[in-house]
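Peer 1: Sequence and predicted structure below; questions after.
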Amino acid sequence: MNSFRLGFLAFMTMGLSVLFAGTVDFVTEVQPLLKKHCFECHGEKKQKSGLRLDIKSMAMKGGDQFAPNILPGNAKGSPLVQFIGSQNKEDQMPPKGERLSPKEIATVSRWIDEGAHWPESSDTRQSVEHRLHWSFQPITNPQPPKVTNPQWARNPIDRFVLSRLEREKLKPSPEADRVTWIRRVFYDLIGLPPTPESVERFIHDKRPDAFERIVDEILKSPRYGERWAQHWLDVVRYADTHGFEVNTERPNAWPYRDYVIRSFNNDTPYDRFMREQLVGDLLKEDAATGFLVTASVLLSGQIGADEPSKRLARQDALDEMVVNTSQTFLALSVGCARCHDHKFDPISQIDYYAMQSFFAGVEYDDREIHSPETYKQREHLKSLEVQAAKIQSDLAQLEPMARVVSVAKNEPNPRFNEITFPPTEARFVRFTIHDSNLHPTLGLIEPCLDEFEILTGETTPRNVALLSHGTKVSASGSRQSESHRLEHINDGKYGNHRSWMSDEAGRGWLVFELSEATQLGKIRWSRDREGNFTDRLVTAYTIEAGMSLATMTQLAFVPPPRPEVNPRMNSERFAPIKAKQIRFTIKKTNNLEPCLDELEVFDSQFRNIALASLGTKVSSSGDTTAPNRHELRFINDGLYGNSH
């Protein structure tokens with residue numbers, strides 16, 4: 001090398017040394033400062049204001065408020081330098097702990113002015129571009145790999161499995177025998193074991209498509225949809241209750257469950273299955289839209305009835321729809337973007353609220369399902385309602401009238417009862433028993449009388465009911481025993497051992513045919529004139545007399561006593577009257593303030609005309625109110641139970 005070249009090389013070496021002597025090195029001078037003062041709030045664990053300084057691509061991108069945060073060649077205009085050098089306590093960074101010294105600030109500033117050179121290899125964490133994740137890549141159609149044992153593979157998928165086994169130096173398990181195979185398939189597809197007949201038939205089926213035939217047969221079973229629908233229902237978080245702390249019942253959730261089962265059994269294409277669950281009301285699959293409200297929901301009123309609580313409950317409900325839809329169909333945790341841009345999935349807060357706006361019109365409520373099947377069921381229901389109204393009307397005629405006032409001067413007495421009436425000429429006397437002898441534990445039991453006496457209207461009355469006077473007796477039915485016989489009813493002897501007992505619980509009748517027409521004025525009867533028995537007493541009855549059974553005159557009527565008030569249901573039937581208002585006055589309760597879940601008023605067609613939905617208005621003396629449980633509006637809303 002000549003002297004010129006040596007001199008030029010020496011000059012250049014000296015010049016380069018002088019040129020780079022003052023250049024700031026990011027790895028040794030800047031990165032340690034960032035790590036010491038900045039990474040706690042802007043590193044891997046936290047990214048306050050969206051700023052991250054441990055990865056070059058993110059640091060250069062900037063945060064939520066200032067993007068970019070570093071302007072190469074312009075330290076004075078870079079927000080990073082402005083914050084670390086600020087003297088304003090509200091702006092200075094870091095806000096707590098040791099601040100950068102003037103020398104350290106100058107180092108960072110020189111580094112930026114010199115171009116902010118940041119070697120990619122110096123990142124403490126490798127930046128991951130989320131959109132490059134395999135799950136966001138388009139679907140490809142790769143060629144099946146080559147394998148050393150291609151005879152084992154029966155389809156292209158087998159070759160992928162075998163390729164991985166061979167890579168791990170493993171061999172496939174031996175092929176299962178037919179009994180094991182069919183049990184596995186049955187349990188896998190329908191969750192039930194095969195019948196012995198199915199196993200036996202499969203074992204002896206030598207056709208080449210025997211395996212396919214078994215699978216096709218199982219897939220036709222309704223059990224297949226029931227088995228595999230549960231996996232989808234788990235994905236969408238289906239439940240028959242609303243969830244959260246209150247977890248109230250969701251009684252009409254089941255149509256969605258049945259829709260999913262039906263879809264699996266019908267082999268509905270997945271794209272159609274997905275669309276139906278999002279806009280099923282437009283695709284004539286109303287039940288499918290139950291997906292939108294399958295997840296838990298915080299109903300307004302569960303966390304408070306004030307307006308802020310209601311707004312919060314509504315936002316939580318919409319969030320559940322967004323989260324459920326994104327997790328189910330996208331396998332993304334979009335819900336994190338409710339508060340900030342997602343740290344891991346490529347979802348921004350803008351994306352979240354754009355998605356939420358799609359569900360903004362969806363409300364949690366029950367509505368009618370429109371389908372050919374439901375139309376048919378509604379028509380059938382109408383015919384059943386007509387039949388039910390007819391039955392209710394018929395039953396209402398059998399229900400005893402309400403006893404508004406007591407019509408009997410004296411309650412029936414087991415030992416002696418006497419009924420007097422104006423002189424009445426008669427040949428027949430009929431004694432009809434109505435719903436008597438209500439036993440505390442046994443209910444209605446057969447009534448019993450020891451003697452029935454028919455007395456004349458003479459000054460000295462004669463008992464013309466006696467068998468010895470030629471009077472004949474017939475009955476609706478009689479229980480026969482040594483003590484109880486029909487002929488005992490008019491033998492002139494008293495006591496339980498000489499009595500008559502009906503063979504019908506609570507009811508029965510006796511007809512006395514006198515030997516000749518007689519002027520009557522009094523009737524006496526008793527359960528046990530000796531006073532040893534008080535059960536089986538007739539408590540409601542009608543006594544009639546006349547010259548024939550077709551021309552009877554009522555002499556006495558004691559209706560069944562009012563039944564005890566029942567917490568579940570009470571009925572008061574009366575002769576039809578025309579009215580505009582009804583007043584229900586409470587005189588006494590068994591304890592505390594009285595409470596009613598429903599008050600119904602029926603017309604002669606057995607229609608409840610008290611319903612608020614029909615325009616009926618209700619007022620009260622005063623209410624103890626518990627929101628959404630005890631309110632005056634619940635008294636005629638058509639819903640039963642203490643919660644209404």
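Peer 2: Right, received. Where do you want to start?
Peer 1: The lengthiest strand in the chain: partners in the sheet, and parallel or antiparallel?
Peer 2: As assigned by DSSP state E, the longest strand anywhere in the chain is strand 508-526. When pairing is defined by DSSP bridges, strand 508-526 lines up against strand 417-433 (antiparallel), strand 451-456 (antiparallel), strand 472-475 (antiparallel).
Peer 1: Given the helix or strand just after the shortest one, what are its sheet partners and their directions?
Peer 2: Meaning strand 472-475. Counting by DSSP states H and E, the element after strand 472-475 in chain order, helix or strand, is strand 500-501. Counting by DSSP bridges, the strands paired with strand 500-501 are strand 448-449 (antiparallel).
Peer 1: residues contacting Pro422?
Peer 2: Gly521 (Cβ atoms under 8 Å, 6 or more residues apart in numbering). Any C-beta I mention is one placed from the backbone N, CA and C, and that applies to glycine too.
Peer 1: Just the buried positions in stretch 333-341, please.
Peer 2: Using 16 or more other Cβ atoms under 10 Å as the test for burial, stretch 333-341 gives 334-338, 341.
Peer 1: Same check on stretch 352-363?
Peer 2: Quick answer for stretch 352-363 (16+ other Cβ under 10 Å): 352, 355-356, 359.
Peer 1: Name the residues that touch it?
Peer 2: With Cβ under 8 Å, 6+ apart, stretch 352-363 has contacts from 292-293, 318-319, 321-322, 325-326, 334-335, 337-338.
Peer 1: and of the residues you listed, the nearest to Glu451?
Peer 2: Val293 (71.7 Å; Cβ to Cβ).
Peer 1: wait, doesn't that closest one sit right on Asp366?
Peer 2: No. Look at Val293 against Asp366 with Cβ atoms under 8 Å: they stay out of range, at 10.2 Å.
Peer 1: in the stretch 351-500 of the chain, what spans have low per-residue confidence?
Peer 2: Per-residue confidence for the stretch 351-500 of the chain (pLDDT under 70) gives these ranges: 400-410, 437-443.
Peer 1: what's the answer for the stretch 1-150 of the chain, then?
Peer 2: Using pLDDT under 70, the stretch 1-150 of the chain drops low at 1-22, 121-132.
Peer 1: 50 instead?
Peer 2: Residues of the stretch 1-150 of the chain that meet the criterion pLDDT under 50 lie in 1-21, 127-128.
Peer 1: can you give me the helices for the stretch 201-350 of the chain?
Peer 2: Using DSSP state H, counting those that start in this stretch, the helices assigned to the stretch 201-350 of the chain run over residues 210-219, 222-235, 254-265, 270-279, 307-325, 349-358.
Peer 1: For Phe452, find the nearest of those helices.
Peer 2: Per Cβ to Cβ, nearest to Phe452 of those: helix 254-265, 60.0 Å.
Peer 1: relative orientation of the closest one and helix 210-219 in degrees?
Peer 2: With axes from the mean of the first three to the mean of the last three Cα atoms, to 10 degrees defining the directions, helix 254-265 sits at 160 degrees from helix 210-219.
Peer 1: which residues touch helix 254-265?
Peer 2: Against helix 254-265 from outside (Cβ under 8 Å, 6+ apart): 222, 224-226, 228-229, 232-233, 238, 240, 273, 276, 285, 287-291, 294, 369.
Peer 1: re earlier: next, format the helices of the stretch 201-350 of the chain as a markdown table and append distance to Arg524.
Peer 2: Listed next are the helices of the stretch 201-350 of the chain as a markdown table, based on distance: least, Cβ to Cβ, whole Å:
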| stretch | distance to Arg524 |
| --- | --- |
| helix 210-219 | 80 |
| helix 222-235 | 71 |
| helix 254-265 | 64 |
| helix 270-279 | 79 |
| helix 307-325 | 73 |
| helix 349-358 | 85 |
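Peer 1: out of the ones you listed, nearest to His434?
Peer 2: Distance to His434, taken as Cβ to Cβ, is lowest for helix 254-265 among the helices of the stretch 201-350 of the chain, at 45.2 Å.
Peer 1: closest one to Lys89 among the strands paired with strand 508-526?
Peer 2: Among those, if distance is taken as Cβ to Cβ, the winner is strand 417-433, at 98.0 Å.
Peer 1: For the closest one, buried residues please.
Peer 2: 417, 421, 426-433.
Peer 1: Glu166: which of those is nearest?
Peer 2: Ile433 (93.4 Å).
Peer 1: Next one: that closest one relative to Pro145, how far apart?
Peer 2: Using Cβ to Cβ, to the nearest Å, Ile433 is found at 93 Å from Pro145.
Peer 1: ok, now Ser604?
Peer 2: 83 Å.
Peer 1: Looking at these two, which one has more neighbours?
Peer 2: Between Ser604 and Pro145, counting by other Cβ atoms under 10 Å, Pro145 is the more crowded of the two (13 against 8).
Peer 1: you'd agree that one is up against Asp158?
Peer 2: No. Counting by Cβ under 8 Å, Pro145 stays clear of Asp158, with 10.9 Å between them.
Peer 1: first to last residue in stretch 152-171, what's the distance?
Peer 2: This stretch, stretch 152-171, spans 11 Å end to end (Cα to Cα, to the nearest Å).
Peer 1: Enumerate the positions of it that are buried.
Peer 2: Buried-residue list, stretch 152-171, by 16+ other Cβ under 10 Å: 153, 159, 162-163, 165-166.
Peer 1: what about Lys48, neighbour count?
Peer 2: 13.
Peer 1: now Pro208
Peer 2: 7.
Peer 1: how close does it sit to Gly506?
Peer 2: Using Cβ to Cβ, Pro208 is found at 75 Å from Gly506.
Peer 1: Ok, Gln137 next?
Peer 2: Taking Cβ to Cβ, one finds Gln137 at 81 Å from Gly506.
Peer 1: for Pro172, same thing?
Peer 2: 78 Å.
Peer 1: which residues touch the residue most central in space within the chain?
Peer 2: The centroid of the chain falls nearest to Arg250 when counting by Cα atoms, centre = their mean (1.6 Å). Going by Cβ under 8 Å, 6+ apart, Arg250 touches 239-242.
Peer 1: Would you check which pair of the residues you listed lies furthest apart?
Peer 2: Asp240 and His242 (9.3 Å).
Peer 1: hang on, the earlier thing: looking at Val293 and Asp366, which is more packed in?
Peer 2: Each of Val293 and Asp366 has its neighbours counted (other Cβ under 10 Å); Val293 has more, 20 against 10.
Peer 1: what's the distance between that one and Phe359?
Peer 2: From Val293 to Phe359 the distance is 10 Å (Cβ to Cβ).
Peer 1: shared neighbours of those two, which are they?
Peer 2: What both Val293 and Phe359 touch, as defined by Cβ under 8 Å, 6+ apart, is the set Met321.
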